[in-house]
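Visitor: I'd like to go over a predicted model; first the sequence, then the structure.
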Number of protein chains: 4
Amino acid sequence: MPRRRASAARPRARNLESEPEKRRAILHAAVRAFAEKGYHGCRIADVAREAGVAYGLVYHYFRDKDELLESVFDEQWTIFIQAIRAISSGPGTSADHLAGVIRFALDVYRTAPAAVKVLILEVARSPHSLRAGSTRRMFETALKLLAEQVRRGQEAGDLRRGLEPAVAAASLLGALEMCLTAMVVGALGRPEASDEEMERVKQQVVEVALGGLLPRR
Amino acid sequence: MPRRRASAARPRARNLESEPEKRRAILHAAVRAFAEKGYHGCRIADVAREAGVAYGLVYHYFRDKDELLESVFDEQWTIFIQAIRAISSGPGTSADHLAGVIRFALDVYRTAPAAVKVLILEVARSPHSLRAGSTRRMFETALKLLAEQVRRGQEAGDLRRGLEPAVAAASLLGALEMCLTAMVVGALGRPEASDEEMERVKQQVVEVALGGLLPRR
Amino acid sequence: MPRRRASAARPRARNLESEPEKRRAILHAAVRAFAEKGYHGCRIADVAREAGVAYGLVYHYFRDKDELLESVFDEQWTIFIQAIRAISSGPGTSADHLAGVIRFALDVYRTAPAAVKVLILEVARSPHSLRAGSTRRMFETALKLLAEQVRRGQEAGDLRRGLEPAVAAASLLGALEMCLTAMVVGALGRPEASDEEMERVKQQVVEVALGGLLPRR
Amino acid sequence: MPRRRASAARPRARNLESEPEKRRAILHAAVRAFAEKGYHGCRIADVAREAGVAYGLVYHYFRDKDELLESVFDEQWTIFIQAIRAISSGPGTSADHLAGVIRFALDVYRTAPAAVKVLILEVARSPHSLRAGSTRRMFETALKLLAEQVRRGQEAGDLRRGLEPAVAAASLLGALEMCLTAMVVGALGRPEASDEEMERVKQQVVEVALGGLLPRR
DNA sequence: TATGAATGAGAGTTCATTCAT
DNA sequence: CATGAATGAACTCTCATTCAT
């Protein structure tokens, strides 16, 4: 059966045979194309050309344009969520973990701006995807993982008590995302920025998101 | 030819004769329609039907679909920016001002969720509008106003020094927006929530955004 | 509202204002196009070109290609059914009436072979339309009218008793239709045949088809 | 290249080795698939799945979709024509022979409704096949055989003289076919009908169709 | 102003057919 | 023989935009 639903894309562990080369090519071409011209702004033909495959092959691997977007989304968020999990299970306090998540996201942005762009500009917020199945689940999963992290931090005394974990998680993710947006747009710095500059922005974002704007008493 | 560029829509001061009733109807219908189905998901016909006017009349008042979106955007961001200005020129510290902005945004969401939805979901991020003229200017203006507010707060000693105002403003706006998104999506609370609930969320968002997650020393 | 469902095409009595000129043009072009290349063999573009209208206008008046076919079908069968009714309510015996129906059908074939072709080759039998709503109803209505005619003829003593009206009606319609098919195909005579030839065929068909229905002397 | 034109499908006499099992599976699957969804409504993939073979194998045995249809048609009509021949060379008058043909067709419908459905609904009349080679030849052969039968019957005094054999044959075939159509559609009885019911319908069809051909007593 | 019929380019999707393995 | 990935032309349907009234 040639059709692979996004959620069933990797039935067994990730072995290379189970993920046809061309499918990956299309998926990654889609990331670039969506990042370049936006979901609505790019045609299947663009994706196919970018991937170097025939038009129809896109429809061999993906039911329709929507599923293609969903798959892109799935892959990206899965990576992000796995990173959150990995960081959270590592050493350090909850504050360290949250800072790690922020640093990770900003690092990814440097190495793969296109993917982040799509996640930020197209997928994360579009009313369409918010209603779609896995897309929304992913988003909520990320929120939940962060909220859980906050809760544990509060219990351990690493984080301030009295804040609702859900609100805190949303704020953290939002701050992170808006800073990325500002960077994507060009208001804060560019992926081509020097290491020092990026390091500075990273530091700043962590400080603001974690430490707040008010001066320490 | 009756073309009106968005920015020239109100050439003289805002008197009621210069803003035809039908034009307003279309504009507000557009807000609702865009909020409902997204910019790309709704047709001119939808807007016209929602406004209760004939198909072609939309093109009498707006050059094309893009200008319609721009006009919606203009109106909404103008209100938001004016609110920021008004709040900033009022009494209180910079921290009070920033808290006021957050409260204002959450209040608007309660009374006109559709407008906020469009602003949040459609306009603020779409790569299309970010490249468009006034839309982007508005976004950057809002960022700048907040950054300026932060800078003044730092000078006055109300806010922690050492943070880049731009990063701080982006984080604040992002936290605010993500909390709104989470509410839009239903993860934090609903516009139909009781006054007490909304008040609680408002308080939390202010605390997190301004105070940070780390415990006060 | 621009869309007219086939069944609601003539809400009030048939006045010319209620049936836009272009809509008729499309409908009749469709008859010719379907007759020429078959339903599946002709594209909307063919119909539009044949009608001398823009591509999109077809979709202004008909929801989709299917509805276009249904409408063609509706119009044709409606004419046929009205003819059956008119002939049946005229003077003469039931045998005369049935003969009249046969003659009418063969006459129409001479004047408008395309319409008959569509009715015969495309619509009457396609599994698609047989399952569709009005199409099937029309077919069954024609069968029923003829069966009723047979029944009355049997009661009046004009037709042989002991035959099931339904079977008799189906046989009559089938004989008629197959003779038309044979003519369409060219096995019996052509619409360009001389009057005398056509008259002969007509006579023959009536004789054969009715012969079995007449009471044994 | 392993192309087999339909007519060359069985080069030597019908021995089992020359007709690969998979080829038959495909052919019969095609009958079912076409009967189910119509020629245009079903894809090669449907046929392959129904036959339980791989996609490409269909193209191993049949040049293209058209040849597949032609082959189905060939097989079916061949059976029918052979039956006509067998019945005609058997004992009895021409009237008996024609009645036998009708009975045979109705019997086949009971045992293999799908095949009859395809013959009736898809193949016999579609403008496509009417233009195709063997399909049309088969149809005309059947007509000719029946016409010849009629002619012989007239000569022998079994059938009424003065009727054109071609018209008579077309009428007979048409009556038969329309009765089958009515049964396919459900207006006359179902293949699941009891033996008695089917026998009754058979008797009726024979009576109606032949009645007109018998000489006046 | 106001209407909605008319236009047509554009994009998504299908699916018969080919071909490398 | 057998498989199914790969190809791309064809076609339907959408919808922003124009225009005559």
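Guide: Arrived safely.

Visitor: Which residue would you name as the spatial centre of chain A?
Guide: Residue closest to the mean C-alpha point of chain A, counted by Cα atoms, centre = their mean, is A:W77 at 4.7 Å.

Visitor: State the distance from A:E164 to D:Q203.
Guide: Separation of A:E164 from D:Q203 (Cβ to Cβ, to the nearest Å): 84 Å. In short, each C-beta sits where N, CA and C put it, glycine included.

Visitor: Skipping adjacent residues, who's closest to the residue nearest to the centre of chain A in space?
Guide: Nearest residue to A:W77, sequence neighbours excluded (Cβ to Cβ, 6 or more residues apart in numbering or on different chains): A:M138, at 3.8 Å.

Visitor: The residue nearest to the centre of chain A sits in which helix or strand?
Guide: A:W77 belongs to helix A:65-88 when assigned by DSSP states H and E.

Visitor: That helix near DNA strand F anywhere?
Guide: No - figure legend: helix A:65-88 not in contact with DNA strand F (Cβ under 7 Å from any atom of the strand); closest approach 13.0 Å.

Visitor: near chain B, anything from the helix or strand following that helix?
Guide: Heading C-terminal from helix A:65-88, the first helix or strand you meet, by DSSP H and E, is helix A:94-111. Yes - applying Cβ under 8 Å from any Cβ of the partner chain, one finds that helix A:94-111 is in contact with chain B at A:A95, A:L98.

Visitor: Tell me which other helices or strands helix A:94-111 touches.
Guide: Helices and strands touching helix A:94-111, by 3 or more Cβ pairs under 8 Å, 6 or more residues apart in numbering or on different chains; DSSP states H and E, are helix A:65-88, helix A:113-117, helix A:133-156, helix A:165-185, helix A:195-206.

Visitor: Worst mean pLDDT among these?
Guide: Lowest mean pLDDT within these: helix A:113-117, a mean of 78.

Visitor: May I have it as CSV, with CA atoms only?
Guide: C-alpha atoms of helix A:113-117 as CSV (Å, rounded to 0.1, in the frame of the first residue of the first chain):
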residue,chain,number,x,y,z
PRO,A,113,15.7,28.3,9.9
ALA,A,114,13.3,27.1,7.3
ALA,A,115,11.9,24.4,9.5
VAL,A,116,11.4,26.8,12.4
LYS,A,117,9.9,29.4,10.0
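
Visitor: how far does that helix sit from the chain's center?
Guide: Offset of helix A:113-117 from its chain centre (Cα atoms, centre = their mean, to the nearest Å): 9 Å.

Visitor: what does stretch A:50-65 give?
Guide: Mean C-alpha position of stretch A:50-65 versus that of the full chain (Cα atoms, centre = their mean) differs by 23 Å.

Visitor: can it be found next to chain B?
Guide: No - between stretch A:50-65 and chain B, judged by Cβ under 8 Å from any Cβ, nothing touches; the nearest distance is 12.0 Å.

Visitor: what about the helices and strands packed on helix A:94-111, which gets the closest to DNA strand E?
Guide: Of all those, helix A:65-88 sits nearest to DNA strand E, with 3.8 Å by Cβ to the nearest atom of the strand.

Visitor: does the residue in chain A that DNA strand F sits nearest to sit in a helix, a strand or a coil?
Guide: Of all residues in chain A, the one sitting closest to DNA strand F is A:G56 (1.6 Å; Cβ to the nearest atom of the strand). Under DSSP: H, G, I helix; E, B strand; the rest coil, the three-state class of A:G56 is helix.

Visitor: was I right about the residue nearest to A:W77 contacting A:V72?
Guide: No - here A:M138 does not reach A:V72: they are 11.5 Å apart, not a contact under Cβ atoms under 8 Å.

Visitor: Comparing these two, which residue is more hemmed in?
Guide: Per other Cβ atoms under 10 Å in any protein chain shown, whichever of A:M138 and A:V72 has more neighbours is A:V72, with 27 against 23.

Visitor: Next one, pLDDT for the residue lying closest to A:T93 once chain neighbours are set aside please.
Guide: Excluding its sequence neighbours, the residue lying closest to A:T93 (Cβ to Cβ, 6+ apart) is A:D158, at 4.2 Å. Looking at A:D158, its pLDDT is 87.

Visitor: in terms of contact, does A:D158 touch A:A95 like I think?
Guide: Yes - with contacts counted by Cβ under 8 Å, A:D158 reaches A:A95, the gap being 5.1 Å.

Visitor: circling back: report the secondary structure state of the residue nearest to A:T93.
Guide: Recorded secondary structure, A:D158: coil (three-state DSSP).

Visitor: how much space between it and A:D96?
Guide: In this view, A:D158 and A:D96 are 8 Å apart by Cβ to Cβ.

Visitor: ditto for A:D46
Guide: Per Cβ to Cβ, A:D46 is found 42 Å from A:D96.

Visitor: what does A:A33 give?
Guide: With Cβ to Cβ as the criterion, A:A33 and A:D96 are 37 Å apart.

Visitor: Show me which of those two is the more surrounded one.
Guide: A:A33 (27 against 16).

Visitor: My read is that that one contacts A:E50, right?
Guide: Yes - contact criterion Cβ under 8 Å: A:A33 and A:E50 qualify, at 5.1 Å.

Visitor: count of residues packed around A:T181?
Guide: Neighbour tally, A:T181, other Cβ under 10 Å: 25.

Visitor: next one: the one 3 residues further on
Guide: Neighbouring residues of A:V184 were enumerated by other Cβ under 10 Å; the total is 21.

Visitor: Same question for A:L143.
Guide: A:L143 has 22 neighbouring residues, counting by other Cβ under 10 Å.

Visitor: what do you get for A:T141?
Guide: 16.

Visitor: residues in contact with it?
Guide: A:T141 is in contact with A:W77, A:I81, counting by Cβ atoms under 8 Å, 6 or more residues apart in numbering or on different chains.

Visitor: measure it to chain C for me?
Guide: 40 Å (Cβ to the nearest Cβ, to the nearest Å).

Visitor: Outline the domain layout of chain A.
Guide: A:1-62, A:64-217 (automatic domain parsing).

Visitor: Tell me which of those domains sits most buried.
Guide: When you average the neighbours per residue for each of the domains of chain A (mean count of other Cβ atoms under 10 Å in any protein chain shown), domain A:64-217 leads with a mean of 19.

Visitor: Briefly note if that one comes near DNA strand E.
Guide: Yes - Domain A:64-217 is in contact with DNA strand E by Cβ under 7 Å from any atom of the strand, via A:D64, A:K65, A:D66.

Visitor: Find the nearest non-adjacent residue to the second one, please.
Guide: Just to be clear, that refers to A:K65. Computed as Cβ to Cβ, 6+ apart, the closest residue to A:K65 that is not its neighbour in sequence is A:I44, at 6.2 Å.

Visitor: So which bits of chain A are right by DNA strand F?
Guide: Going by Cβ under 7 Å from any atom of the strand, the residues of chain A near DNA strand F are A:2, A:20-23, A:53-57, A:59-61.

Visitor: Turn those into CSV, including distance to B:A147.
Guide: Output for the residues of chain A next to DNA strand F, formatted as CSV (distance: Cβ to Cβ, whole Å):
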residue, distance to B:A147
A:P2, 52
A:P20, 48
A:E21, 47
A:K22, 46
A:R23, 44
A:V53, 45
A:A54, 49
A:Y55, 47
A:G56, 50
A:L57, 47
A:Y59, 47
A:H60, 49
A:Y61, 45
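
Visitor: and those near DNA strand E, which?
Guide: Contacts with DNA strand E within the residues of chain A next to DNA strand F, counted by Cβ under 7 Å from any atom of the strand: A:Y55, A:G56, A:Y59, A:H60.

Visitor: mind putting those in a markdown table, distance to chain D and pLDDT included?
Guide: Below are those laid out as a markdown table (distance: Cβ to the nearest Cβ, whole Å; pLDDT from 0 to 100):
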| residue | distance to chain D | pLDDT |
| --- | --- | --- |
| A:Y55 | 18 | 96 |
| A:G56 | 14 | 96 |
| A:Y59 | 13 | 97 |
| A:H60 | 12 | 96 |
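
Visitor: just checking, A:F104 touches A:R85?
Guide: No - applying Cβ under 8 Å as the test, A:F104 and A:R85 come out as separate, 11.4 Å apart.
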